[in-house]
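# sharing a model that was predicted from the sequence below.
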Protein chains: 2
Amino acid sequence: MQSRTPASRTGRPRSAAADTAILAATREALVDLGWSKLTLGDVATRAGVAKTTLYRRWAGKPELVCDAVAELFDELELPDRGSLAADIEGVVLQFAAILARPEAKSGLMAVVAESTRDDALRERIRASIVERQMRLVLEGRARAQRRGELPAEPDPAESARTVDLIFDVVAGAVVHRTLVSGKPADEDWVRNFTRVLLLGLTSAEPPTP
Amino acid sequence: MQSRTPASRTGRPRSAAADTAILAATREALVDLGWSKLTLGDVATRAGVAKTTLYRRWAGKPELVCDAVAELFDELELPDRGSLAADIEGVVLQFAAILARPEAKSGLMAVVAESTRDDALRERIRASIVERQMRLVLEGRARAQRRGELPAEPDPAESARTVDLIFDVVAGAVVHRTLVSGKPADEDWVRNFTRVLLLGLTSAEPPTP
DNA sequence: GGCATTACGCTACGAGTCGTAGCGAAAGCT
DNA sequence: AGCTTTCGCTACGACTCGTAGCGTAATGCC
């Protein structure tokens, strides 16, 4: 996950079971203690490994929690529900369900907060968490364009800007609803949100006089 | 700010200058050290007060940083720029400018992360930070309805739901753009965002066949 | 003016966490 | 076999936390 892959095939290999046990223990500790009271020593005890083993694999608490939280987003999928609106509603509901879990709530925002002063951590988050979400947006958009539900955008720069905008709006709204407003992103809310988003993306532009 | 107001008018009053010095020192420490390395002892030294004075006024680091960050949002205003689109663009640009400052980046997300396990802190954030932003949404919407740019919504429940949605979309998108995607919410982005949002809010709803 | 009351600065303290070093044993590869 | 790397364990200095205790300063009430 984080170790160098180079051809160091000699010596005792690292226990793969330890990795999964540590990441599971990290999520368990996030639920029980939250980010601030979570200590690496406690995680090591929960995982049944020595504290030193943890420090050999992860540089610190942010990196460990980043990897532990990232696994939560592995289950995100983009099933074909027939229409763009239904596809969006499905993915957003999945995303909201993950964010509703306490280990995601406690961990995700804290790691993002740390990343504002740590470029390496920011890149780690981008690669292991954001990347996967962004890919769903790209897939969904391409599928909708094939269906003719969204206009094709020939200019690649303009297209990239649109994808970025969609991504920030969707992910940002769900996160803000769940973590800041503290209200559930339930089916009613998602339906409303999807309606507004789709109208915004598909409506003809007014002449902006 | 956080002390009880009751008629305890006897005894030496708390120094108001100390409050402002402490909050300013907190923001300064946020810039220099970030959330995780910020200690109350260091803040006390920067502010020129004793560490015990800090603990007499604030329960802990999250409460202190919450108050320090909240003051950043005092400057938010809603000038009348003539049209709803221009009003939104103005406010969003103000909001983005605040979020671009390092003390806001480091502090805001960390406090929100803490609030996921602390109801009192969540309420403190709501009252001192979120409340003010929400009021701008309400004002802007009422103004737009007076101008006829947005449809009047007679049902109060439906109206509240719409306002909540707008708020989460606007604040969430800007925060996500700035802190997660790590890209600036500049004029181009804000113009694009405002266009999509307004189209979503003003377009006639399709009959969802 | 004197008195009660509260805030302040300062020092010191136990408790807890951090990240690391050092050791012997275990588990692979050639 | 022999070599190499990981693992579990213990112990350690350094640091931060939040609080207690004390003498002093500033205000309101009489």
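Arrived safely, thanks for sending.

# going forward, measure contacts between C-alpha atoms and count neighbours the same way
Will do.

# in chain A, which ranges drop under the pLDDT threshold?
Residues of chain A that meet the criterion pLDDT under 70 lie in A:1-8, A:204-209.

# need the longest helix for it.
Longest helix in chain A, counting residues (DSSP state H): helix A:16-37.

# in that helix, what's buried?
The neighbour-count check on helix A:16-37 (16 or more other CA atoms under 10 Å in any protein chain shown) flags A:18-19, A:21-31, A:34-35 as buried.

# show me the domain layout of chain A.
For chain A, the structural domains run A:16-57, A:69-202, going by automatic domain parsing.

# for the longest helix of chain A, packing partners?
Helix A:16-37 sits against helix A:40-47, helix A:61-70, helix A:102-115, helix B:102-115, with contacts defined as 3 or more CA pairs under 8 Å, 6 or more residues apart in numbering or on different chains; DSSP states H and E.

# those: which one's closest to DNA strand C?
helix A:40-47 (4.9 Å; CA to the nearest atom of the strand).

# now the closest one, how far from the centre of its chain.
24 Å (CA atoms, centre = their mean, to the nearest Å).

# ok, and what's touching that helix?
By CA atoms under 8 Å, 6 or more residues apart in numbering or on different chains, the residues outside helix A:40-47 that reach it are A:18, A:21-22, A:24-26, A:29, A:50-51, A:54, A:61.

# which of those residues lies closest to DNA strand D?
A:Ala50 (4.3 Å).

# show me which residues of chain A are close to DNA strand C?
A:9-13, A:38-41, A:51-52, A:55, A:60-61 (CA under 7 Å from any atom of the strand).

# and the residue of chain A found nearest DNA strand D, how many residues sit next to it?
Nearest to DNA strand D in chain A, going by CA to the nearest atom of the strand, is A:Gly11, at a distance of 2.9 Å. A count of nearby residues for A:Gly11, using other CA atoms under 10 Å in any protein chain shown, gives 6.

# find the nearest non-adjacent residue to the spatially most central residue of chain A, please.
The centroid of chain A falls nearest to A:Ile129 when counting by CA atoms, centre = their mean (4.0 Å). Take A:Ile129 and drop its neighbours on the chain: the residue closest to it by CA to CA, 6 or more residues apart in numbering or on different chains is A:Ala70, 5.3 Å away.

# for B:Glu187, see how far away that neighbour is.
32 Å (CA to CA, to the nearest Å).

# looking at these two, which one has more neighbours?
Using other CA under 10 Å, the more surrounded residue of A:Ala70 and B:Glu187 is A:Ala70, with 21 against 14.
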